[in-house]
Structure formats: C-alpha cells, structure tokens
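**Student:** Next one to model:
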Amino acid sequence: MEGFMKYKAYPEYKDSGVEWFCELPKHWNVASLKLLLDIRDGTHDTPPYVDKSDQSYPLVTSKDVTSGNLILDNCKHISMNDYLSIIKRSKVETGDILMPMIGTVGSPIIIKSKGNFAIKNLALFKTSQSKNINTSFLKYFLQSNECNIQFGLESRGGVQNFVPLGTLRDLGFINVPPNEQIQIVNFLDHETAKIATLIEKQQQLIKLLKEKRQAVISHAVTKGLNPDVPMTDSRVEWLGEVPEHWDLVPLKHLCNFSGGGTPSKENLDYWSGGNIPWVSPKDMKTFWLTETQDKITEIAVEESSTNLVASGALLIVVRSGILQRTIPIAINKVKVTLNQDMKALRFNSLMNVEYAAYYIMGYQESLLLEWSKEGATVESIEHEYLSGSIFPVPPIEEQKNIIKS
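**Tutor:** Next up is the predicted model:
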C-alpha cells in the first residue's frame, strides 16, 4: 500500500459504463482495442516440420512464450515457403507483444530483439506500429484481472482455454493518455521489481528449509534418535553407518508390490459417474492422498487391469519424466486404484509405512540413481532394483518414535 500513497486521487471520476471496470478518471475512456491497435494471429495449422538448417525457420508456439521470455532453441522448424506464407499476415517485429491464444491465455511477452520466426496459436499485438499505446502498459493491461474477466466471458472452453482473435480485438481497453501510461508503467515496474525480489528471497528461504528438512529426515531414519548408540557399517556407500541393533533388509522382504492399469477411455461405463479414485502421477502432490483428478466405476475395476488398493499403502511413481528430479510418493488414506505408471507397496509387520516413506524422501537423489536403469530411454524405476534395494529396519517401536519426532 505504501507505493500507492505516492499518487493522489484524480479530481473527478465517472462511471465507465462497463461492469468490471467500475469508475474511471473523467478524462479516461474505454474503447475496443481494435480501434487503437492492429491485432493479428499466427497460423492455427501445423506445417510439416523439417530439420534445422540455414533454409529452415523456427515455429513459435504457446509453450515457447509462457516463461516470460522467448526461447527459440527448442522450437520445431518449418520450411522457408511455409515461413514466408505465415509471416505475410503476422510478421513479428521488435516492440510487438505475443500472447498465447490457447492454454495459458493472458501471459504476454514483449519482443525485445529482432528474429526471423513464424508463430502458431499466438496473438500478435502490433505495438511497434502504435504511437498512442505504450507497449509495457498494454502488457500490464493484458495481465490484469479486468482483462482476464473478458477472456473468461468469451473464451471457448475445453481441455485448454481458447480465446478467438475476434475476442482479443473487441477487448475493452482503458484508453489512458500516453504520458500517464508512462507514469503508470514506471510505478508498476518499480513495485513489481520489489515484489519479485521478495519472491526470490522467499524461494531461497524455502529451498534452504527444504534442504534442512531433508537433512533432518535423512539423519533420523538412518542414525536414529540416540546419538550414543553403537554404529555399524551398512555396506551401502551413500547410507554409511546405521545403529548396530538395526536390521538391513531388501525391500522385497518388507512388502508386497501391486501395479495398475488404465481402463479404456472409449468405454464411458468405466468413467462416467465413477467414484473410485484412480491415481496417476499428476495426483502425487501430497503426502496423504485422499482425492484424485479422475475416478472410475466398479465395472472398470472388474473388467480392466487396474486393481483396488486398500488404504495405508505406499504409492510410488515408477514411470514419468518427473523421475529425473524426484521420486513422488504418497500414502493413500482411502481405497484407490492405480494407472500403469504407479506401484503400491503394502508393508508387513517389520516396517511402518510412514517410516518407509520418510526414508525414501530423505534419500531421493541416491535412490533415483540406484533404482534407475543406466542408459534407459525413458525415466523409470526398475522393479528388480527397487525390490532388491536395502532398507534400514529399526525395531517397530523405534520406527514409530522416529516418525513422532
């Protein structure tokens, strides 16, 4: 709020005549953006891709602009003829704005340097040709709640949101005098920079806290709570010493494994009205799992390769790109089913499921290397390596005390 106190209220306001804009300074007005600016779109077709060469050109799509920067390195390439055909109506120049029309609508970027590329499913705001609209002001406007309301009113829903070109051209734009646009941009640049700095500091703090948390977990599940207990070599290089009275047991002797499957998406009887949670990697975001994005019916369980998993199992992702960085695990508090990229581990009386989960959380980096097949073309955990992995096994009461700590 401190930043806003620098600016005095305008002497007079008026009703904007638009529900979501409320009142505006008297000398401002609302106009369709198409009256002030040329707005175009790129191709919505997919030209044939070609190998990258001196005779090819990048085809920029929404995935290439959603990070706030334009990165051409990962773009697919198209031929010169297809490139020339697309840029006839949508040539991008320095100072223009690009914004996805599909998916992450409302994530605009300003083109800061010249480049020869074509665009697909992107809106092109030709601010480089406008004298009355400041490029940064328009970018901030496209990120505003008022603009998002307009996107929502007229977007075509589906798996991904889609905002047609006509909707973008008809956007109600707050037409502010150019000198005031610059003042507003300077204010927002200053305030958002301060916020960005705070976010970066918080992210650094969160990272340090996560590292500390992992170190505490790692120590507790492999060294115990008594610093004076005699230790012995685990014979696992990265695990080091463990308390002498603990056992070291292959995982296959501590639990039973079960997998899953995907009922046919074409059979609506398997999915329509279902109430049985069906777990896939995208659901593995909480330690205790109770809800899933998808649910299936009882007949799907009976007629497909998926199986019911009673509550209290350790669920683990065994095939997913996320295994490059981490091992997603969760404990289900309700009865669930799994897809084929998951496994459920049901532990016997020697191992507490929470203790096993904390052990995996504490040593994810080392376990990823141990459980993954060298040279594999997809990120996956090999069952042979997983089941043969050595787990430290304290007495069950000690496991429970470690969990409570």
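**Student:** I'd assumed F141 was in contact with I174.
**Tutor:** Yes - here I174 reaches F141: they are 6.9 Å apart, a contact under CB atoms under 8 Å. Just so you know, the C-beta spots here come from the backbone N, C-alpha and C atoms, and that holds for glycine as well.
**Student:** and the gap between L165 and I71?
**Tutor:** 25 Å (CB to CB, to the nearest Å).
**Student:** Which one's more surrounded, those two?
**Tutor:** A count of neighbours by other CB atoms under 10 Å puts L165 above the other of L165 and I71, at 15 against 12.
**Student:** Can you tell me, leaving aside adjacent residues, what's nearest to that one?
**Tutor:** Nearest residue to L165, sequence neighbours excluded (CB to CB, 6 or more residues apart in numbering): D41, at 4.7 Å.
**Student:** For that neighbour, which residues are in contact?
**Tutor:** 90, 101, 119, 121-124, 165 (CB atoms under 8 Å, 6 or more residues apart in numbering).
**Student:** which one of these sits closest to V393?
**Tutor:** N121 (53.8 Å; CB to CB).
**Student:** hang on, the closest one packs against D64?
**Tutor:** No - using CB under 8 Å, N121 makes no contact with D64, being 10.7 Å away.
**Student:** Which one's more surrounded, the two?
**Tutor:** Using other CB under 10 Å, the more surrounded residue of N121 and D64 is D64, with 24 against 20.
**Student:** In the protein, where is pLDDT below threshold?
**Tutor:** Along the chain, segments meeting pLDDT under 70 span 1-8, 66-67, 103-106, 152-161, 374-378.
**Student:** What segments of it are helices?
**Tutor:** According to DSSP state H, the chain carries its helices in the segments 80-90, 135-142, 145-154, 165-169, 178-223, 298-303, 353-362, 364-371, 383-388, 396-404.
**Student:** Which one, of the ones you listed, ends up nearest to V236?
**Tutor:** Once the helices of the chain are compared by CB to CB, helix 364-371 is nearest, at 8.8 Å.
**Student:** now for that closest one, which elements pack on it?
**Tutor:** helix 383-388 (3 or more CB pairs under 8 Å, 6 or more residues apart in numbering; DSSP states H and E).
**Student:** Distance of the residue lying closest to E23 once chain neighbours are set aside relative to Q150?
**Tutor:** What sits nearest to E23 in space, not counting adjacent residues and going by CB to CB, 6+ apart, is Y13, at 4.4 Å. Y13 sits 21 Å away from Q150, going by CB to CB.
**Student:** Please compare those two by neighbour count and tell me which comes out ahead.
**Tutor:** Q150 (20 against 13).
**Student:** Once you drop chain neighbours, what's closest to that one?
**Tutor:** L171 (5.6 Å).
**Student:** With E398 instead?
**Tutor:** Closest to E398 by CB to CB, 6+ apart is G224, at 6.7 Å.
**Student:** Tell me who's in contact with the one you found.
**Tutor:** Contact analysis of G224 by CB under 8 Å, 6+ apart lists 243, 246, 394, 398, 402.
**Student:** likewise G388?
**Tutor:** Contacts of G388 by CB under 8 Å, 6+ apart are 250-252.
**Student:** Give me the buried entries from those residues.
**Tutor:** Buried residues within the contacts of G388, counting neighbours by 16 or more other CB atoms under 10 Å: L251.
**Student:** Out of the contacts of G388, name the ones that lie in strands.
**Tutor:** P250 (DSSP state E).
**Student:** Could you tell me how many residues sit around V334?
**Tutor:** With other CB under 10 Å as criterion, V334 counts 15.
**Student:** can you offset everything so residue one is 383?
**Tutor:** Taking 383 as the first residue, the last one we looked at is V716.
**Student:** Find the residue closest to the residue nearest the centre of the chain in space, skipping its chain neighbours.
**Tutor:** In the chain, the residue lying closest to the centroid (CA atoms, centre = their mean) is K664, at 9.9 Å. Of all residues not flanking K664 in the chain, Q675 sits nearest, at 6.3 Å (CB to CB, 6+ apart).
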